[in-house]
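> My questions are about this predicted structure, shown below with the sequence.
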Amino acid sequence: MSDWQYEQEVSAIENIIEQIESGDLPLEAVFDEFAIAVDKLQACEKFLKQGQDRLTLLVETLRDDSDPEF
């Protein structure tokens, strides 16, 4: 997963949505593609949460460093 990229995952999800919305896929393929999209969305959500946690930690560190009582 070292070559995993958020932007590529979002693009893949968009492509899956387009395929599903086209109505050209058989029902079984719709279910399969939907499951893939859900997995990708969960990975993206995890990535964003980790980024948010890192930013929160950095902001807290900056606040602590600028605290005049320290």
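Yes, it's here. Numbering: from 1, shown residues only.
> quick one: the helix ranked longest in the chain to chain centroid distance?
Secondary structure of the chain read by DSSP state H shows that its longest helix is helix 27-65. Chain-centre distance of helix 27-65: 4 Å, with C-alpha atoms, centre = their mean, to the nearest Å.
> Likewise for stretch 10-23?
So, by C-alpha atoms, centre = their mean, the centroid of stretch 10-23 is 16 Å from its chain's centroid.
> about what we covered before: show me what the longest helix of the chain is packed up against.
With contacts taken as 3 or more C-beta pairs under 8 Å, 6 or more residues apart in numbering; DSSP states H and E, helix 27-65 sits against helix 6-22. All C-beta spots, glycine's among them, are computed from the backbone N, C-alpha and C.
> who's in contact with the helix it packs on?
The contact list for helix 6-22 (C-beta atoms under 8 Å, 6 or more residues apart in numbering) reads L25, V30, E33, F34, I36, A37, K40, L41, A43, C44, F47, L48.
> hmm, who's touching stretch 33-50?
Contacts for stretch 33-50 (C-beta under 8 Å, 6+ apart): W4, Y6, E9, V10, A12, I13, I16, I17, Q19, I20, L25.
> worst-scoring helix or strand of this protein, pLDDT-wise?
helix 27-65 (a mean of 95; mean pLDDT, DSSP states H and E).
> What subset of the contacts of helix 6-22 is buried?
Buried members of the contacts of helix 6-22, scored by 16 or more other C-beta atoms under 10 Å, are L25, E33, A37, K40, C44.
> For the first one, which non-adjacent residue is spatially closest?
When the adjacent residues along the chain are set aside, L25 lies closest to Q19, with 5.8 Å between them (C-beta to C-beta, 6 or more residues apart in numbering).
> Distance-wise, check that neighbour relative to L27.
According to C-beta to C-beta, to the nearest Å, Q19 stands 13 Å off from L27.
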